[in-house]
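K.L.:
sequence below, structure please.
(one chain, ligands or ions: 1)
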Amino acid sequence: MPCEGARVNDQQSIQTVFVANRGEIALRIIRACRRLGLRVVCGFSEADRGAPYLDLADDAICIGPAAASKSYLNIPAVIQAAQILNADLVHPGYGFLSENAAFAEAVANAGMVLIGPKADVMRRMGGKVRAKAAMIAAGVPCVPGPDSTLPDDLEAVKAIADDIGYPVILKAAGGGGGRGMRIVRTPDDLAEAAMLTAQEATRFFGNPDIYMEKFLERPRHVEIQIIADSHGHAIWLGDRDCSMQRRHQKLIEEAPAPEIDRSLIAEVGERCAASCREIGYVGAGTFEFLYEDGQFYFIEMNTRIQVEHPVTELVTGLDIVAMQIDVARGGRLPVTQDQITTTGHAIECRINAEDPETFAPSPGRITSMHLPGGPGIRVDTHMVAGAEVPAHYDSMIAKVIAFGATRTEALSRAQTALAELRIAGVKSNAALHDQLLSEPGFVAGGVSIHHFEQWLAARE
Ligand code: ADP
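P.N.:
The predicted structure follows:
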């Protein structure tokens, strides 16, 4: 329930965007709205009350207690806050309700426009299993495994695993954020693993359904950014490599993906854009693939803006968040596929408030902060000295993004930037990033998704 009253909106002719999110992406959306001349308002939880980035919005009201389930995930509270603040459009950011089709429906039913695809398209492409089925039908190669959830019958599950061949990976059908996944190497481990993954899937995502696919031993994570308008135009904006991950969560992202045949990327990118046209997709989105031995295998689609969108913005010169808002308002894409050119290289390091040794979150008050700058450096953060990192949410507090004419230049600028970055009051993984950027495997380019964990094990 909103806990503060509305303020008068005296600019009825100018559209208002409600930010249904927090932190750095809320600020990123505020910035895009400013560029477009839109009014922008935020909903915040008790834990975020007084957060400095909220001062940059035109208005903000409380949507509930600190627990995300009672605020950022509370559909009625979010809708009511957006209505009180006279919102025309709702930006869900990433995480929270950003891929929740019930939320998309609630926004539409309340007479507002969600900045993202319609609920039915979200259901079709946001659900991992349905998206896989849709991609198989569209002729896009997927990781081997059925395009349906697993049956209850254990013998049938065993037969599926035998058919795919071990190792296999079990995944929560409603999963996200790298959680609810389990690798199974032998038939003996299958029953217990399936039970545990289903339990996790219920606990994290409220949906016990799980599915199975071949576990690829040394793939890279390569993804395609797309954007589509409501006039039948869909384009792809290049690729990103997000293979540097810890426990399936991305740590470093870059664009373009090093050492991959550009004509193969273009072929995959065209297919992604074509699928968007076929399904009537509107908005920004990402097709995620695993890439191994020169082959792309679709794993899932994210029907929202992603954390790593800035690397694509730096190499294409586009403002993806502004484009995303514009297409939601019925605007036409301002560029055609022919006009998309990528130049140079960009690398993003996710700075988390966490212990660099144990990876345990390190919430608290930031006592002082110095952000890097200079040519080719962009820092997306909502943090300033005196700001609080709440314990309730994701620990990412900043993204340090470096652009260079070449990958070598981008790497070198990223390192200079990390050396300049100072954060006191909470622990951060900045030094870890600095080590990773000079790690020979990463410098060479094209590491697999298991590289970080292998590097960590070798270091110990
Ligand atoms: P989430 O939605 O939780 O991010 P994804 O399906 O995108 O889940 O997978 C996240 C990560 O898990 C991938 O980037 C990759 O590192 C790993 N992964 C997923 N599927 C496989 C697979 N079939 N084989 C090997 N690794 C996988």
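
K.L.:
how about stretch 202-222, does it reach the ligand?
P.N.:
Yes - using CB under 6 Å from any ligand atom, stretch 202-222 reaches the ligand at 213-216, 219, 221. From N, CA and C alone the C-beta is placed, and that goes for glycine too.

K.L.:
redo those as CSV? Include pLDDT.
P.N.:
Formatted as CSV, those follow (pLDDT from 0 to 100):
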residue, pLDDT
E213, 96
K214, 95
F215, 96
L216, 96
P219, 98
H221, 98
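
K.L.:
out of those, which are inside helices?
P.N.:
Among the residues of stretch 202-222 next to the ligand, no member is found in helices (DSSP state H).

K.L.:
pick out the most distant pair among these.
P.N.:
Greatest spatial distance among these (CB to CB): K214 and H221, at 15.5 Å.

K.L.:
which one of these two has more residues nearby?
P.N.:
Applying other CB atoms under 10 Å to K214 and H221 shows that H221 carries more neighbours, namely 21 against 18.

K.L.:
show me the beta-bridge partners of the more buried one.
P.N.:
L290 (DSSP bridges).

K.L.:
just the pLDDT at D153, thanks.
P.N.:
Note on D153: pLDDT of 94.

K.L.:
my bad, should have said E4
P.N.:
pLDDT recorded at E4 is 39.

K.L.:
any residues of the protein in contact with the ligand? List them.
P.N.:
Close to the ligand, as judged by CB under 6 Å from any ligand atom, the chain has residues 143, 169, 175-178, 181, 213-216, 219, 221, 245, 248, 288, 290, 299-300, 449.

K.L.:
do that again at 5 Å, thanks
P.N.:
With CB under 5 Å from any ligand atom as the criterion, the chain comes near the ligand at residues 143, 169, 175-176, 178, 213, 215-216, 221, 248, 299-300, 449.

K.L.:
separate out the buried members of the residues you listed.
P.N.:
143, 169, 175-176, 213, 215-216, 221, 299-300, 449 (16 or more other CB atoms under 10 Å).

K.L.:
list the contacts of the helix or strand of the chain with the lowest mean pLDDT.
P.N.:
The helix or strand of the chain with the poorest confidence is helix 128-137; it has a mean of 90 (mean pLDDT, DSSP states H and E). Outside helix 128-137, the residues within contact range by CB atoms under 8 Å, 6 or more residues apart in numbering are 123-125, 142, 147-149, 171, 173-175, 209, 211, 275, 279, 298-301.

K.L.:
ok, and what's touching whichever helix or strand comes after it?
P.N.:
As assigned by DSSP states H and E, the chain's next helix or strand after helix 128-137 is helix 154-164. Helix 154-164 is contacted by residues 144-146, 150-151, 168, 184, 187, 190-191, 194, 212-214 when judged by CB under 8 Å, 6+ apart.

K.L.:
which strand runs longest in the protein?
P.N.:
Of all segments of type strand in the chain, defined using DSSP state E, the longest is strand 234-246.

K.L.:
in strands only, show me the buried ones among the residues of the chain next to the ligand.
P.N.:
Going by DSSP E, the strands hold 169, 213, 221, 299-300 from these.

K.L.:
farthest pair in these?
P.N.:
Spatial extent of these (CB to CB) is set by the pair E213 and H221 at 14.5 Å.

K.L.:
circling back to that earlier point, weed out the non-buried ones from the contacts of helix 128-137.
P.N.:
Buried among the contacts of helix 128-137 (16+ other CB under 10 Å): 123-125, 142, 147, 149, 171, 173-175, 209, 211, 275, 279, 298-301.

K.L.:
do I have it right that A385 meets R365?
P.N.:
No - the criterion here is CB atoms under 8 Å, and A385 misses it with R365 at 9.0 Å.

K.L.:
measure H248 to P65 for me?
P.N.:
29 Å (CB to CB, to the nearest Å).

K.L.:
below-threshold pLDDT in this protein: ranges please.
P.N.:
Filtered on pLDDT under 70, the chain yields the residue ranges 1-12.

K.L.:
what segments of it are helices?
P.N.:
Under DSSP H, the chain gives helices at 23-36, 75-84, 101-109, 119-126, 128-137, 154-164, 187-205, 262-279, 309-316, 320-328, 407-420, 430-437, 440-444, 451-459.

K.L.:
which of those sits closest to N352?
P.N.:
In terms of CB to CB, the element of the helices of the chain nearest to N352 is helix 430-437, at 9.2 Å.

K.L.:
and the residue of the stretch 1-150 of the chain closest to the ligand?
P.N.:
At 4.4 Å from the ligand, V143 is the closest residue in the stretch 1-150 of the chain, using CB to the nearest ligand atom.

K.L.:
so who does that residue touch?
P.N.:
Residues near V143 by CB under 8 Å, 6+ apart: 213-214, 216, 290, 297-299.

K.L.:
next, give phi and psi for it.
P.N.:
Backbone torsions of V143, given as degrees, to the nearest 10, read phi -60, psi 130.

K.L.:
good, wrapping up.
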